[in-house]
Every structure is written in structure tokens, then in C-alpha cells.
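Engineer: Here is a sequence with its predicted model. Questions after.
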Amino acid sequence: MSGEPILSVEQLTMRFGGIVAVQDLSFAAERKKITALIGPNGAGKTTVFNCITGFYKPSGGAIRLTHDDSRQIALERLNDFRIAKQAKVARTFQNIRLFPGMTALENLMVAQHNALMRASGFTFLGLIGVPTYRDAEKQAIALATDWLKRINLLDRADDAAGNLAYGDQRRLEIARAMCTGPALLCLDEPAAGLNARESAALSELLLSIRNELGTSILLIEHDMSVVMEISDHIVVMDHGVKIAEGSPRAVRDDPKVIAAYLGTDEEEAVAVMESGS
Amino acid sequence: MTVTPHETTKASRTADIPFLLKTAFINALIALVLFSLMIGIRTEAGSDGQLTYWTRFGDLASIVAAVFGGSIVIELLRQWIGPTGAEKLVPPAVQSGISFIGHYLAPALLIFTLLVPVIFYNQRYILDLAILVLTYVMLGWGLNVVVGLAGLLDLGYVAFYAVGAYSYGLLATSFGWSFWICLPLAGILAAFWGVLLGFPVLRLRGDYLAIVTLAFGEIIRLVIINWQDLTGGPNGVSGIPRPTFFGIPLDNSDDGLAAKLGIEYSPTHRIVFLFYLILALALLTNWVTIRLRRLPIGRAWEALREDEVACRALGINTTTTKLTAFATGAMFGGFAGAFFATRQGFISPESFTFQESALVLAIVVLGGMGSQLGVALAALTMIGGFELFRSLENYRMLVFGMAMVLIMIWRPRGIIGHRAPTVYLTKAQAISSDLVKEGHG
């Protein structure tokens, strides 16, 4: 393996009052790989996400992010916006959270806030219109345009994000996260509510993000066709603990996983388990 | 596809006469219950202190009939306008209308405003009214940053107006500093208080934010009343120097501007000067706000109004973003306050009551939150319109209130409710008000 994993989660525990949502979870996400976090509903996947992206403060454990220059950041010590700004972890949401009243282009411009803020001299230089800011804005628009091309939404650039079709909104949210220039992209159920064709387009987009840009991806997903197709590594959770981990093939054949998650037919799952053990 | 819902509403329109009558009947019934005691029976203390009363059932009947007729008219109007919020896209006709207005109305208004002192040179009343309207335009534009762009409901905006006015009043009377030195100071002090208010309310949303800002406005006023040593308490600050034309006074003396220019002195000179002063300040507010909207900070304000959680996920520091919104809005309020002080020459706490905050907020809401032109039109309507109905005497508030209600039925998101994008690739399209969030505060 090439160096350290980009993200390593060690004995992460998250309690809400008496309820233990995540218990001693440890896993690692490899650099420039797609890691999937799967499990039945209520397994604690989104809680793990919220801990990684700073929306929850973990009750215990460590989350370590290692950048390309081997700079290490303890994510559990940073809170909300600093994780995106300093640690360069971007995320999307299970229920889409675009800025519906702003255009697709504006959504992508807001994502480049921190870079543009510096270029505008924290507003003061931008207010008097210094040329360096104008150049920075042009570059930001170019980056946004590039992403709109990638997600095939260039002709809808000036439409309000709230007016886009559901599948387009999903892709726009991923593009917006990518416009922050992340080292790690966390996607919470990106294929939810997409039809087969849109799912295929999504898989292609995520693979191009990994292959062309070398961005590491961590995703939660229920759509098994997407997960099995694009994931390099799969972590399976159930009831807040890790029950399996490995390559897509290994996970697919794991009887525990079949029983917990893939086994839609109960009798079949039991039969598989018995034959396995 | 798009025709079908239109046709169904048309069909239901004609079929709904029983519904219309039912609504009108219920409204009339409510009016009957309410007004039977308020209007139907009149009580008064008699000559010996005993209770005398008499009935006015004729008046009651006419009121109830008016409510009955009025609710039919309103319901018909509503159906004629069509369901609000049904269409997510701004229709092309409205789009072109909006761009037409955007292209021509604002410059036309600006040119007219520039010419007001020329046209109405001999009408002191109109000039005074124009100065008042412009003051509220400026306050509206200032509050628009906080409420319209950042989506933070601020009910205590008058506090910053007061801070600006007292900053200038006290600095000018105590140290004799000139208006042009005090003006930026008033803005800076007001911005400072804006940040100070911002800190405790950062975590508050919606109603809670509104209540705390309301309290802040009252606290400032009460401090001004009670801190007699500094502010003169209820007696206010008097003898505030008039503004000078960059050091040249606008008076009848030999050093005055009129004498220096070799023209005959007229008190109107000062009024005209004040007019252009507030116009310049208001235009500065407008220019800065328009520019800020196109800068990352302005986009972050609007993004904050749309979705705060998403902002945090994108690495935007929501704390400083909110504080800058409060500070910017407060700063413009402070400028307007300094102007108010120099115009009046006398300030007292009575000028900074909650009613002022409510009026400015009403201007922003009526204008369409976030729209600069809308706020200017709303200030003109609210302040100018109120004066327009002066001849109606006692019925002024009634007529004015009815006009407001009608506007809010017709345009629930304000006169200009749509949002103009801050950046575009090919064509700037107006965004329908249905998509634009009002913010969480």
C-alpha cells in the first residue's frame, strides 16, 4: 500500500444519552480509493459520517486524517466549519442541502468561499475592485464551469438549484463539495432516489473523481449495484459495530453480511449461514 | 401539461360561488360577534357618573355588510390573481417585465430624485418629505443586509440608528468635532455595537433571535434615558451643529456659502444641501450593498439564509459571517443616525422607539427581502403614501392599513420578491420568490 491511509478511524464511540449509536468502530480509508460504508438502516453509518465531518463530537476514539504531505489532523478535535476549511473534508447530505434560491453556478461559487475570501482581501480589497480579486473570481467561475460540464449541467448553470431535477441536484451537490478542493470526499447516500441510468452516471462520475483527480472517497450507500461496482473497499456495520470488512467480492460472500444486510429472504440467509459455518 | 392546472382553476372558479358565499358569511359572522360589543353598544359615564349606554345597530349592520362584501371582493381578487406559489418558474412575460423595470425604472427614479430639489425648490414641505423618505430608504437598505441577505430577523435596528445619532450629537457638542469626522466614527461605533449584539444572538434562531434583538433596541433606549450625565436623559441633546459644506457654514453670515458664492442667502440652501447629503449617503449604502452581494461575503450571507448547515459543511465560518452582516447593517444605521442628528439639531430618546424599528422592518418586508429597488419603492410607499393620505385625517391609518393588506395579498413576498443572481454564465435569470428562503431568523 502506498503510505498511510488518508483516514483512519480508531475505536470510535458515539453515545446519545444511554443509546450507543457507534461502538468501538475502527476502519481505514485508503488514499485515492473509494471506501464504502454499508449496513442496514439504523446501523450508525450517518452517525460515523457526522463524527468525521464534525457535526457530532465523538464520545470516544480518534479520527485521524493524513494529507498527502503526511500532515496529520485529529478530526475529533476540530469542530464544524474547520473540518471543511482546514482538514479539507467535504461532504454531501442524505437529504440534499443545496442553496435552492441560488443558481447552480452560485452554489459552486459559495463552495469556493474561503479561497475567494482570501483573494478579496477579506472583502476590503474586493470592495474597491483590485484586479487580483477579479482574476481569482474568473478562475473560480472557470472551475465552476468545469464542474458543471463534468456533471452535464452546463446549460442549466443560471437556473435556480431548487428548479433542477432530483438527480441533477444530487450531482450538483457532489460538484459543490468538490469545488471546495477536498482531500477526502464524504458522500451520504449519493444514489438514493436515482433511477438505474442516473445511478450509472453517478458511478461514472465518482470513478472519474477517483481516477482523474485522485480524490479519496468515503461513501454510505444502499444501492448495492453502485457499491459493488465502484468500491475498492467495503466496511459493513450493523447495530453500531463493524461486522465485516474487505473487497466487494469478499463482503458479498460473507455470511454475516448476507444475514445482516443482503439477505432479503430470511430462510435463504439462514441456509447460507448454516452452510458457511 | 402546463395548461391543465390552469384550466382546473378556471373551472373551479365558476363552480365556487357557494364557497364564496360561505367564506363571506363566516367572515361576516366573526365581524358580527366582534363588533356587536365594540360598535353595537356604546357606553359612557353619565352626568352623575352612572353608566349610560345606547345601541348603534345601524352602524353595526353596515360594518357587517361591508365585511361580507369585502370578503367576496378579496376572494375574487385572489382567484383572479391566481394561486400564489403554484408556479416555480417566473413566467417569461414577468421576466421581461422585470428586466424592463430593472433597466429603466431604477435609473429613471434616480434621475428624478436628483432633480427633486430643482423641481420643488420653492416647496419646503416636499423637500422635507423627500429627505425623510431618503432617510428611510437608507435605513431600509441598511437593514436589508441583515434581514434580506443574511436572513437574520432584527427587530432592534433602531438601536444602531440611536447609537449613530448620539455618537454624532455628543462628539459634536462636547468636542466640537465636525460632521465629516464624526460621520465615520458614528458608523464605526454603531458597527461595534452591532458586533456586540451579534455575539449573544449567534446561536439563536427565529422567534428567539427576534425577541433578543427587540430587547436590545429597548435596552439602548433605556440606557440613553437613564444615563443622564452623558446623554442628558429624556431632555436629549440639543444644539447639535448643522452640517457645513466641508467647513463652510450654510448660514447668513459673511463666511457663509451664499456670501462666498456671491448669491443671495436663502434657508432653502441648507435643505437642498441636506437632501443631497442623505442622497449621497443612501447611494453609498446601495453601492456598497450591491458590491458586497457580488463578493464572497455577500454570497455567504445569502447562502447562510438558504441553509446554514450546508454553509458549515463547505467550510464557511458562520460566526464571522453573521457578525459581519450585523456590523455592516449597523454601520449604515449609524450613518443614517448621524445624519438624523445633524438635520434635527436636537435628539432625544423619543425618536428611537420600537415603532421606528417596526417601520424600517415593514419597509424591508414590503419591498421584498433582499431587493434594493423594492426597498426604495417600499420606503416611498410607506412614508410618502402615509403623507399622501393626510387629507383623510382620522381615516388615514385605516386606508393605509388596507393598502398594506392588499399589497401583501397581491405580493406576499414583497413588491419585488424575486431574486437576481449575483453571477451568471450566459444570462441572468430572475429566481422566483418561491425558491428563495426567508432565512431562519
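Structural biologist: That came in fine, so what should we check first?
Engineer: those helices in the stretch 151-300 of chain B, which residues are they?
Structural biologist: Along the stretch 151-300 of chain B, counting by DSSP state H, counting those that start in this stretch, helices occupy B:158-175, B:179-201, B:206-226, B:228-231, B:257-261, B:268-294, B:296-306.
Engineer: OK, now which residue of the stretch 151-300 of chain B is nearest to chain A?
Structural biologist: Closest contact between the stretch 151-300 of chain B and chain A, by CB to the nearest CB, is at residue B:296 (3.9 Å). Quick note: C-beta positions are derived from backbone N, CA and C, even for glycine.
Engineer: Residue B:275 touches residue B:133, doesn't it?
Structural biologist: No: taking contacts as CB atoms under 8 Å, residue B:275 lies outside contact range of residue B:133: 10.4 Å.
Engineer: returning to that earlier point: contacting residues around the residue of the stretch 151-300 of chain B closest to chain A?
Structural biologist: Shown in contact with residue B:296 (CB atoms under 8 Å, 6 or more residues apart in numbering or on different chains): A:109, A:112, A:113, A:116, A:117, A:120, A:123, A:126.
Engineer: just the helices in chain A please.
Structural biologist: Taking DSSP state H to define them, one finds helices in chain A at A:45-52, A:80-85, A:104-111, A:113-119, A:124-127, A:131-150, A:166-178, A:196-213, A:224-230, A:248-252, A:255-257, A:266-276.
Engineer: Now residue 183. Nearest residue, chain neighbours left out?
Structural biologist: Unless you meant another one, I'm taking chain A. Distances taken as CB to CB, 6 or more residues apart in numbering or on different chains put residue A:88 closest to residue A:183, at 4.2 Å, once the chain neighbours are dropped.
Engineer: my question was about chain B
Structural biologist: Closest to residue B:183 by CB to CB, 6+ apart is residue B:338, at 5.1 Å.
Engineer: Can you report how many residues lie near the one you found?
Structural biologist: When counting by other CB atoms under 10 Å in any protein chain shown, one arrives at 32 neighbours for residue B:338.
Engineer: That one reaches residue B:186, doesn't it?
Structural biologist: Yes: counting by CB under 8 Å, residue B:338 does reach residue B:186; the two are 3.8 Å apart.
Engineer: Overlap of the contact sets of these two?
Structural biologist: Shared between the contact lists of residue B:338 and residue B:186 (criterion: CB under 8 Å, 6+ apart) are residues B:164, B:165, B:167, B:168.
Engineer: Now render the residues you listed as CSV, adding pLDDT, neighbour count and distance to residue B:60.
Structural biologist: Compiled in CSV, the shared contacts of residue B:338 and residue B:186 are given as follows (pLDDT from 0 to 100; neighbours: other CB atoms under 10 Å in any protein chain shown; distance: CB to CB, whole Å):
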residue, pLDDT, neighbour count, distance to residue B:60
B:164, 93, 32, 49
B:165, 93, 32, 47
B:167, 91, 23, 53
B:168, 91, 31, 53
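Engineer: pLDDT below threshold where in the chain?
Structural biologist: Picking chain A for this. A:1-3, A:261-277 (pLDDT under 70).
Engineer: if you could check chain B rather than the one you did, that'd help
Structural biologist: Confidence mapping of chain B against pLDDT under 70 gives the ranges B:1-15, B:81-102, B:440-441.
Engineer: Determine which residue lies closest to the centroid of it.
Structural biologist: In chain B, the centroid-proximal residue (CA atoms, centre = their mean) is residue B:363; its distance is 2.3 Å.
Engineer: buried stuff in stretch B:45-65?
Structural biologist: B:60, B:63, B:64 (16 or more other CB atoms under 10 Å in any protein chain shown).
Engineer: One more: stretch A:163-172?
Structural biologist: Within stretch A:163-172, the residues scored as buried using 16+ other CB under 10 Å are A:163, A:164, A:167, A:168, A:169, A:170, A:171, A:172.
Engineer: check these against chain B, which are close?
Structural biologist: When contact is defined as CB under 8 Å from any CB of the partner chain, the buried residues of stretch A:163-172 meet chain B at residue A:163.
Engineer: Go through the buried residues of stretch A:163-172 and name the one nearest residue B:383.
Structural biologist: The closest of the buried residues of stretch A:163-172 to residue B:383 turns out to be residue A:163 (CB to CB; 36.3 Å).
Engineer: wait, doesn't that closest one sit right on residue B:434?
Structural biologist: No: using CB under 8 Å, residue A:163 is not in contact with residue B:434, being 9.7 Å away.
Engineer: can you count the residues close to the closest residue to residue A:123 other than its chain neighbours?
Structural biologist: Nearest non-adjacent residue to residue A:123, counting by CB to CB, 6+ apart: residue B:297, 4.8 Å away. Using other CB under 10 Å, residue B:297 has 24 neighbouring residues.
Engineer: residues of stretch A:52-60 that come out buried?
Structural biologist: With burial defined by 16+ other CB under 10 Å, the residues of stretch A:52-60 counted as buried are A:52, A:53, A:54, A:55, A:56, A:58, A:59.
Engineer: Kindly check the end-to-end length of it for me.
Structural biologist: With CA to CA, to the nearest Å as the measure, stretch A:52-60 spans 12 Å from end to end.
Engineer: Which residue, neighbours along the chain excluded, lies closest to the residue nearest the centre of chain A?
Structural biologist: Centroid check for chain A by CA atoms, centre = their mean gives residue A:186 as the closest residue, at 1.4 Å. Sequence neighbours aside, residue A:91 is the residue nearest to residue A:186 in space, at 4.1 Å (criterion: CB to CB, 6+ apart).
Engineer: measure the residue of chain B most remote from its centre to residue B:42 for me?
Structural biologist: Centroid-distance maximum for chain B: residue B:48 at 49.1 Å, with CA atoms, centre = their mean. Distance of residue B:48 to residue B:42, computed by CB to CB, to the nearest Å: 18 Å.
Engineer: One more: residue B:259?
Structural biologist: Distance of residue B:259 to residue B:42, computed by CB to CB: 63 Å.
Engineer: Also residue B:207?
Structural biologist: According to CB to CB, residue B:207 stands 39 Å off from residue B:42.
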